[in-house]
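Colleague: when you get a sec, could you give me coordinates for this:
(3 chains)
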Amino acid sequence: MSKNILEVNNLSVSFNTSDGQVHAVDNLSFNIKAGEVLGIVGESGSGKSVTASAIMGLLTSGNVNLSGSIKLNDFEIVGAKDSEVRKLRGSDIAMVFQDPLSSLNPYYKIGVQIGEAYETHHPDASKSEVRNKVIEVMKKVGIPEVERRIDSYPHEFSGGMRQRVVIAIALINDPKILIADEPTTALDVTVQAQILDLMRDLQKTSNTSIILITHDLGVVAEMVDRVLVMYAGRAVEVSDIKAIFSAPIHPYTKGLLNAVRSLDSAIREKLATIPGTPPSLLNIPQGCAFNPRCSYKQWAGDKCLVQKPELHEIGSGLTACHLSKTDIERMNKDELPVV
Amino acid sequence: MARFVVRRLAFMIFLLAIVSIATFLLFSVLPVDPASLSCGQHCTPEKIAANRIRLGYDQPLINQYFTFMKGIFAGRSYGEGAQAFSCPAPSFGYSYYRGQCVTEMITNALPATISLTIGSAIIWLTMGIGLGVISAMNKGKIQDRVSTGLAIFGLSMPTFFIGLLLIYVFIIWLQIFPFPSYTHFLDNPFKWAQALVLPWFTVAIVSAALYTRLTRDGMLETMSEDYVRLAIAKGLPRRKVLVRYVLRGAITPIVTIAGLDIAVLLGGAIITESVFGLPGMGRLALNSVTDSDLPVIVGITLITAFFVVVANALVDILYASLDPRVRLES
Amino acid sequence: MSEALEVKNLFKTFPVGKKGFFSKPAGYVHAVDGVSLSIKSGETLGIVGESGCGKSTLGRVMTHLLPATDGQVLLNGVDVTRAKGEELQKLRRTIQMIFQDPYSSLNPRHTVGRIVGMPLVVQNINPAQGRKKRVQELLELVGLNPEHYNRYPHEFSGGQRQRIGIARSLALEPKIIIADEPVSALDVSIQAQILNLLQDLQKQLDLSYVFIAHDLSVVKHVSDRVAVMYLGKIVEEAGSEELYSKPMHPYTLALLSAVPEPNPEKVRQRILLTGDVPSPINPPSGCRFRTRCWRATELCATTEPPLVQISTNHKVACHFPGPTPLPN
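Modeller: Coordinates of the predicted model:
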């Protein structure tokens, strides 16, 4: 594949709140190549959505501490002027949010809302040029009866159609990167299938890179090339999609995979669980943040309780875990430490 | 949309009928006898009885109501023979105390009140919404605290105090304005404005607080909406996001309250008008109450109710044109 | 096994578009449209469908949180929908509900002890060991620390809050629990914990569940029998084994194929339904699924297919039932 289109290095984000400092993202590094689909997987509070906001250059308010580097084609987003980043937003980087019901402004026609995204970045475009562009992109995302629906209001659309509108807004300027933050979580299963299908098709034809943020490993398996698993603000595993499902190299990933429901399971089969709950970001455990919930920490000794594991290579992937390669292999053979 | 408007207007007429009946009933049970009030100083029981017949108070209540309602549409005449006189439509009755048709008294008082209302509404909306926007955009910062502080100061000051304070500062101390004497707009627009500036600000300072609060909270709420996030993600300039998205979302509840506030004010700003000696509805109401001039009180009550009901209907219609979702549900 | 709960020809409609005080509504949402079901004691019935199919309304009518428009909900032979006063109060002890959102279904101003003990107070029940002791037992039963009796909901995570909701629903020792999407608002690693807890409690307390969900994969992990709903009607009902191995209704096939598979190597032929679920105010004539169905013919537009028994453990409402998933 070609060169990196986005490079994130040592990104840290924390928020000052009345309860103390919330460490939302901690020393995160990853990159994405042109045309690649990267999945960022994590539960609530893992820092995945904050990472997206950082890439969009949206973390500008006074209570945010931001450090590290986010480079889009050699343009440094961290610390850049808002007026500079604004030129990228909606043109080079576009975003699709979770809830299509609330993502559209109820007061304006959808044609206006899609067109606005084009006009902002093409101030010289004529009215008819904008309208043609809007019609083209609406057709592209599969909205029927475009000529009529261009003048409809959001509330006249179903959830699935609204998400198509949001995708149309994101695609109208042919972005280099599309960040989709849980794009199908709020949708019904049959509509989710339609939207995932649409995104796959669009990605194939346009060579846009996609960052798919989700908690659903099922969606990830269908869409992405590579997965970044986040836990409590840190990357814990980065692996190719096939590798992660066949042989995960972090106990958290292993736990998530076990907890995923599948139609292949037996009737009333019990699910494996990860004990405990994700930590509060105000109070992240010492050492490895996952250690209170980890079933394998005995293999690595006391290290997990005191030392933050850094991301390092095991096989083809990266893991932030103190377990040795052999221990990881034992984990994948479903062995457990004797306690 | 047209059907919505028609239905809304029909409901408005229905409501007005109810209000007129209620008002009429209420005043008929008051322990005040309009016949003896209209009789003057040298009163005899005979005179009172004659007055009662002349004014129609001898009739059953329901007849009185219909005569009154008929007067609104067709005018009404009083007395017989040489003493007869009439109040042309729309007639809200006759004030024996003043010897004037109520409608005439109200039409004389309205221009001052309308001038006061419109002027102050413009000021308080600009001031209230403006401070609200500043507050919302600088949430938690010094600008926010100052705006909120100013708003609360305005809200907590009694109207007469602000009025007297402005008179003292601008008329007596700094002598920027002459002591106000109301002049009709058509006679001398400059003097008209000169007399009204201080009353405008008096009403505005008291009223703006609520709008600052509503704008601030409405905007902060809208700012956390997903569609605002998407607007930012589109790369829209901050100002455009603020006006087209945030303010637009926050403005609808303000329209409702503003409509009703303006309507109530059109019924007379009693204190402000009294402090500045404006010959408006408020002063008329106050005088009528002190004089127990019943026909005038009934007339003013009905007119005020009319303003409120009409404003309500207008607000609903305006709402429907502001929010496409309301149109669908109609 | 005996029938714990029987639903007979149940209807629930909501008026929409009422224009004024005196005018008639413009239409009705047919949320539940002639549903019949039965749940045996100790069994879990899964009800699956997409938003707007009426599954949540069905659950609420069953627990009498909403009045039925027509039909019966029989609990030990007594009709819940007609019950009033004291009788209803008693019936409510037998059937309880767990809600989807663990954030909005707990009063933030009440302590956990008060929330879980509230049903006892409302029903005026005084357990021998005292209410507090009973509440602490319940907390322990659902895997919470009984010492957290005096804490407030905001001190708990989503999963723990859902446990509080479950403890509350168990306070009156019900026989039947209606769980409306009990895990869909939770993090993945927590969903499995709650599903397993529900399974354990069922065994321990001999409960019957009605498990409402939009996702056939969740339901597979908990249900003995599954009913698939579309626009207010049951389109297919079968034992789980049967339904997942031999689905007959095209909608069931589509739902199954839409479930994302956590297996990147697996190549599947997916049935992509076109369009969205039609409005339940004006459902299509004949078979309601026909507007999105690849098997639909003239017949489907004119005649509504009844829910018929095709084998001992399998009912389907389709003119052209069959397991072949592929659209021709």
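Colleague: B:Ile171 falls within a strand, correct?
Modeller: No - going by DSSP: H, G, I helix; E, B strand; the rest coil, the assignment for B:Ile171 is helix, not a strand.
Colleague: does the closest residue to it other than its chain neighbours fall in a helix, a strand, or a coil region?
Modeller: Of all residues not flanking B:Ile171 in the chain, B:Phe177 sits nearest, at 5.3 Å (Cβ to Cβ, 6 or more residues apart in numbering or on different chains). For every residue, glycine as well, the C-beta is placed using N, CA and C. With three-state DSSP as the basis, B:Phe177 sits in coil.
Colleague: what's the answer for C:Pro25, then?
Modeller: Following three-state DSSP, we place C:Pro25 in the coil state.
Colleague: now it: closest residue in space, sequence neighbours ignored.
Modeller: Distances taken as Cβ to Cβ, 6+ apart put C:Pro15 closest to C:Pro25, at 3.5 Å, once the chain neighbours are dropped.
Colleague: got the contact list for C:Gln72?
Modeller: C:6-10, C:79, C:81-82 (Cβ atoms under 8 Å, 6 or more residues apart in numbering or on different chains).
Colleague: what about the strands in the stretch 201-328 of chain C?
Modeller: C:208-213, C:225-230, C:233-239, C:308-311, C:314-316 (DSSP state E, counting those that start in this stretch).
Colleague: now swap in chain A and tell me
Modeller: A:4-17, A:20-33, A:37-41, A:64-72, A:75-76, A:93-96, A:177-181, A:209-214, A:226-231, A:234-240, A:312-314, A:317-319 (DSSP state E).
Colleague: now whichever residue of the stretch 151-300 of chain C sits closest to chain A, what are its backbone angles?
Modeller: Closest to chain A within the stretch 151-300 of chain C is C:Pro260: 3.1 Å, counting by Cβ to the nearest Cβ. With angles defined as degrees, to the nearest 10, C:Pro260 sits at phi -70, psi 130.
Colleague: and the pLDDT at it?
Modeller: Predicted confidence (pLDDT) for C:Pro260: 86.
Colleague: then A:Gln113?
Modeller: pLDDT for A:Gln113: 95.
Colleague: in chain A, which residue is most central in space?
Modeller: In chain A, the centroid-proximal residue (Cα atoms, centre = their mean) is A:Ile213; its distance is 2.1 Å.
Colleague: that one against A:Thr185, yeah?
Modeller: No - using Cβ atoms under 8 Å as the test, A:Ile213 is too far from A:Thr185 to be in contact (9.9 Å).
Colleague: quick revisit: count residues in the vicinity of the residue of the stretch 151-300 of chain C closest to chain A, would you?
Modeller: 25 (other Cβ atoms under 10 Å in any protein chain shown).
Colleague: could you do the one 10 residues further on as well?
Modeller: Applying other Cβ under 10 Å, we find 18 residues neighbouring C:Arg270.
Colleague: for the closest residue to it other than its chain neighbours, give its distance to chain B.
Modeller: Using Cβ to Cβ, 6+ apart and skipping the chain neighbours, the partner closest in space to C:Arg270 is C:Ser257 (4.9 Å). In this view, C:Ser257 and chain B are 30 Å apart by Cβ to the nearest Cβ, to the nearest Å.
Colleague: quick one: pLDDT of C:Ser257?
Modeller: Per the predicted model, pLDDT is 89 at C:Ser257.
Colleague: wait, it touches C:Arg268, no?
Modeller: Yes - in this structure, C:Ser257 is within contact of C:Arg268 by Cβ under 8 Å, at 6.8 Å.
Colleague: chain B contacts on the stretch 51-200 of chain A?
Modeller: For the stretch 51-200 of chain A, the residues in contact with chain B (Cβ under 8 Å from any Cβ of the partner chain) are A:56, A:58, A:82, A:86-91, A:94-95, A:97-99, A:102-108, A:116-117, A:120-121, A:153, A:155-156, A:166, A:169.
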